[in-house]
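1. Pasting the sequence and the predicted coordinates here, then a few questions.
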Amino acid sequence: MLAEILTTITAVGAAVMGGVFLAFSVMVMPALRRRPAADAIGVMQQINVAAVRPLFLAVLFGTAAASVALIVGQILDPAADAAQRLVGSALYLASVAVTIGFHVPRNNALARLDPNAAESDAAWTTFAAQWTAGNHVRALLGVAAAVTLLL
């Protein structure tokens with residue numbers, strides 16, 4: 001019973017986070033790319049500040065904690081579908097690793113950027129391309145985790 005509850009919590013959290021990341025990839029970043037670089041940088045800086053909220057962090061890292069608990073539980077007492085639970089949890093943890101290892105450093109660098117500086121146009125173009133590509137990866141990982149856990 002506990003494994004089913006953890007699986008459901010992890011699947012829902014992974015789906016929510018995958019959806020958030022997908023929305024950024026298909027709506028937010030394309031809209032920002034249509035704005036002048038100074039505007040886009042300023043908005044993205046504000047989005048990054050706004051994202052550090054308890055609810056967002058609770059879903060992001062609470063789902064990671066549920067993933068770890070699910071992995072430990074399946075190792076200690078494997079169920080018939082343990083492989084799916086292990087893979088789904090690992091996929092979600094990979095999305096968190098991409099967030100921490102790839103997106104956070106780029107967001108921190110963007111936070112230090114003066115939107116009106118001469119070099120900001122080129123910096124934004126590079127940031128937006130790299131950040132969005134990485135975001136596609138973490139969106140796919142989150143959705144794949146949810147689907148794997150729900151199957």
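-> Thanks, I have the structure now. Numbers count the residues shown, from 1 in each chain.

2. mind checking pLDDT for the residue lying farthest from the centre of the chain?
-> Relative to the C-alpha centroid of the chain, counting by C-alpha atoms, centre = their mean, A118 is the outermost residue, at 30.6 Å. As summarised for this prediction, A118 has a pLDDT of 91.

3. Can you tell me how far it is from R33?
-> Using C-beta to C-beta, to the nearest Å, A118 is found at 20 Å from R33. C-betas here are computed from N, CA, C, even on glycine.

4. Now the helix or strand encompassing A40: average pLDDT?
-> Using DSSP states H and E, A40 sits within helix 37-51. The predicted model gives helix 37-51 an average pLDDT of 95.

5. V143: neighbouring residues, count only.
-> Neighbourhood size, V143 [other C-beta atoms under 10 Å]: 19.

6. which helices and strands sit right next to the helix or strand harbouring it?
-> V143 belongs to helix 120-150 when assigned by DSSP H and E. Packing partners of helix 120-150 (3 or more C-beta pairs under 8 Å, 6 or more residues apart in numbering; DSSP states H and E): helix 2-23, helix 29-33, helix 37-51, helix 82-98, helix 104-111.

7. one more time with 10 Å
-> helix 2-23, helix 29-33, helix 37-51, helix 54-76, helix 82-98, helix 104-111 (3 or more C-beta pairs under 10 Å, 6 or more residues apart in numbering; DSSP states H and E).

8. export these to JSON lines and tack on mean neighbour count?
-> Below are the helices and strands packed on helix 120-150 laid out as JSON lines (neighbours: other C-beta atoms under 10 Å):
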{"stretch": "helix 2-23", "mean neighbour count": "19"}
{"stretch": "helix 29-33", "mean neighbour count": "15"}
{"stretch": "helix 37-51", "mean neighbour count": "16"}
{"stretch": "helix 54-76", "mean neighbour count": "16"}
{"stretch": "helix 82-98", "mean neighbour count": "20"}
{"stretch": "helix 104-111", "mean neighbour count": "14"}
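
9. okay if I get the ones you listed as a markdown table plus distance to H136?
-> Shown next, in a markdown table, are the helices and strands packed on helix 120-150 (distance: least, C-beta to C-beta, whole Å):
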| stretch | distance to H136 |
| --- | --- |
| helix 2-23 | 8 |
| helix 29-33 | 10 |
| helix 37-51 | 17 |
| helix 54-76 | 18 |
| helix 82-98 | 10 |
| helix 104-111 | 14 |
